[in-house]
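Peer 1: here is a sequence together with a model predicted from it:
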Amino acid sequence: MAYWLFKTEAGTFSWQDQLKAGPKGEEWSGVRNSLAEKHMRAMKIGDLGFFYHSGDERRIVGVVRVVAESHPDSTDAQGRWQCVDVEAVDAFPKPVTLADIKATPRLTNMVLVKNSRLSVQPVTPGEWDLVCRMGGFQMPHKR
DNA sequence: GCCAACGTTGGC
DNA sequence: GCCAACGTTGGC
């Protein structure tokens, strides 16, 4: 199982929009960067990702799960780009801001800090655990 | 195949 | 509003 980070402007596609999509999830469409796309092609069903609001907010607001592996992006008329589908898992009780991350020595190697323009990024297990703890987030139990 | 020019992203 | 970082384009 791998961990990722998905970046979006709240004005374009927000956490609220993701919640509205429900358990069927929503295409993470519109990515037109080959490295970001490569990360999506590597994703497997069940992989988890942070949901990050860029722009004014600049914070991780929740967790999403991959529910469909890469397939053609429906917003690409040429059929050249691929994307995955993700569903909302849960919001962070305490959103973790970019400033929090930059102020945490163990997180300064995150891609979010090193390559701020990449819209879909890998996250290491260590980074994942620490950020979840900072956000007061625990995976909900299945029933 | 190189690289200058240009456009976009996103943090500040 | 600015600008650094990065990707893409196009002339050579």
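Peer 2: The structure has been received and is ready for your questions. Numbering: from 1, shown residues only, chains lettered A, B, ... in the order given.
Peer 1: how about the lengthiest helix in chain A: buried residues?
Peer 2: In chain A, taking DSSP state H as the definition, the longest helix is helix A:125-134. When neighbours are counted by 16 or more other Cβ atoms under 10 Å, the buried residues of helix A:125-134 are found to be A:Glu127, A:Trp128, A:Leu130, A:Val131, A:Cys132, A:Met134. C-betas here are computed from N, CA, C, even on glycine.
Peer 1: for the closest residue to A:Leu98 other than its chain neighbours, grab phi and psi.
Peer 2: Counting by Cβ to Cβ, 6 or more residues apart in numbering, A:Arg58 is the residue found nearest to A:Leu98 once chain neighbours are left out, at 4.2 Å. Note on A:Arg58: its backbone torsions stand at phi 50, psi 60 [degrees, to the nearest 10].
Peer 1: how near is A:Arg58 to A:Phe92?
Peer 2: 14 Å (Cβ to Cβ, to the nearest Å).
Peer 1: among those two, which residue is more densely surrounded?
Peer 2: Between A:Arg58 and A:Phe92, counted using other Cβ atoms under 10 Å, A:Phe92 has the larger neighbour count: 20 against 17.
Peer 1: so the more buried one touches A:Val63, yeah?
Peer 2: Yes: distance between A:Phe92 and A:Val63: 7.4 Å, which falls inside the contact criterion (Cβ atoms under 8 Å).
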